[in-house]
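J.: take this sequence and fold it.
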Amino acid sequence: MSADAGAGAGAEGGAGVRRTVVLTGASAGLGYHAAEQLAAAGHRVVLATRDTTRAAAAERSIRRSVHDADLAFLHLDLADLDSVRTAADELAQLEPDGVDAIVNNAGVVGAAEQRTTRQGTELQIGTNHLGHFAWTALTLPVLEQRAGRVVHLGSIAHRWARLDRSDPLGAGRYSSHRQYGRSKLAVMLFGFELAERLADAGSPVSSVVAHPGLSLDMLGPERPDIAPSRSEPAWTRAGQRLYAQGKDAGAEPLVHAAVAPGVRSGEYWGPSGWMQLRGRAAVVRAEPRAHDRTEAARLWTASERASGVAFALDALV
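T.: Residues are numbered from 1 along each chain as shown. Okay, the predicted model is just below:
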């Protein structure tokens, strides 16, 4: 893709430029640290989460270090498409002048037993991909108002994943790890395909994919209200830092993709170190299968059918 993404200033140097960013799953892990970093840089952050208690804890934690943080809460359960529709309507009322970025961070990791969303899709792909697919389609108008960005949370797990061509949203013989990889491949296929379709439609909105590398809670700064207390000895953490990083560092590619200047639609951001496991945020390489437009079109059609939501891109031409 060649078009510059719309959101302007980054958390790493966009002094004086204030953006409004919506973060799904902002009450823990990567989403929490991304929210804290954005708030510290002076941006307005909408915490879009399903658990009001955890959202309140995240807000308290952010305000301990960013006393003047501009925060808002939006209830969103991505495993329930009715909640997705309601949240999209409420976002339009909450931010009538539009938003600069929506970061699709929330997700289910490692569901040991096969479970489904409220509408019957396998939980990991139903939350990580399908819920965000519908959410992105429904919130496109608030992004168009500011020529904003949508950022999709990819993963190195896509490297080993394949979707079932006859049933892209299916689980088949269930394996938690395999299904997580499939869900992340679906996220990335959607993110890269969306960039192409937005450009073809002449939309001012851009679509960027980012991933955190191998990021672990235990390697990040302590946040008592957000994650359990550490129990590992210091030498264990020192060894893990050779190949992994904290969730705070893992959040940096997401934050950069959301608000840094010069980010271009269709790019893939992640850690620049060995195997993309850790390091500074940079444009990195995704597996070719994540750019397979035939596979993406098959997934897109299945996602529209399963969610009952379609992108109104033809109207933008």
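J.: from here on, contacts and neighbour counts on C-alpha atoms
T.: Noted.
J.: stretch 76-87: how far from the chain's middle?
T.: Computed by CA atoms, centre = their mean, to the nearest Å, the chain-centroid distance of stretch 76-87 equals 16 Å.
J.: what's the end-to-end length of it?
T.: With CA to CA, to the nearest Å as the measure, the ends of stretch 76-87 fall 6 Å from one another.
J.: ok, now stretch 62-77?
T.: This stretch, stretch 62-77, spans 22 Å end to end (CA to CA).
J.: that stretch: which residues count as buried?
T.: 62-63, 66, 69-71, 73-77 (16 or more other CA atoms under 10 Å).
J.: helices - which of the residues you listed land there?
T.: Of these, the ones assigned to helices by DSSP state H are 62-63.
J.: so which of the buried residues of stretch 62-77 is the closest to Gln124?
T.: Nearest to Gln124 out of those is Asp77 (CA to CA; 13.1 Å).
J.: I'd say the closest one and Thr86 touch.
T.: No - at 9.8 Å, Asp77 does not count as touching Thr86 under the criterion of CA atoms under 8 Å.
J.: who are the contact partners of Ala55?
T.: Going by CA atoms under 8 Å, 6 or more residues apart in numbering, Ala55 touches 26-27, 47, 49, 73.
J.: can you lay out those as TSV showing distance to Tyr180, secondary structure and pLDDT?
T.: As requested, the contacts of Ala55 are exported to TSV (distance: CA to CA, whole Å; DSSP: H, G, I helix; E, B strand; the rest coil; pLDDT from 0 to 100):
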residue	distance to Tyr180	secondary structure	pLDDT
Ala26	20	coil	96
Ser27	21	coil	93
Leu47	24	strand	98
Thr49	20	strand	97
Phe73	27	strand	97
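J.: quick check, nearest of those to Pro96?
T.: Phe73 (15.1 Å).
J.: quick check: the closest one touching Val46?
T.: Yes - contact criterion CA under 8 Å: Phe73 and Val46 qualify, at 5.6 Å.
J.: follow-up on the earlier one: tell me which of the contacts of Ala55 is nearest to Val205?
T.: Closest approach to Val205 among the contacts of Ala55 (CA to CA): Leu47, at 21.0 Å.
J.: and Val46, how close does it get to Gly31?
T.: Counting by CA to CA, the gap from Val46 to Gly31 is 11 Å.
J.: need the overlap of contacts for those two.
T.: By CA under 8 Å, 6+ apart, the residues touching both Val46 and Gly31 are Leu23.
J.: and these two? Which one has more around it.
T.: Under the criterion of other CA atoms under 10 Å, the comparison of Val46 against Gly31 puts Gly31 first, with 28 against 23.
J.: quick check: what element follows the helix or strand containing Lys184 along the chain?
T.: Assigned by DSSP states H and E, Lys184 belongs to helix 176-200. Once the chain leaves helix 176-200, the next helix or strand it forms, by DSSP H and E, is strand 206-210.
J.: sheet-wise, list the partners of that next one with their directions.
T.: Applying DSSP bridges, strand 206-210 is found paired with strand 149-153 (parallel), strand 268-271 (parallel).
J.: out of those strands, which is closest to Ala296?
T.: Of all the strands paired with strand 206-210, strand 149-153 sits nearest to Ala296, with 14.7 Å by CA to CA.
J.: got the contact list for that closest one?
T.: 5-7, 100-105, 136, 143, 184, 187-188, 191, 205-211, 254, 257-258.
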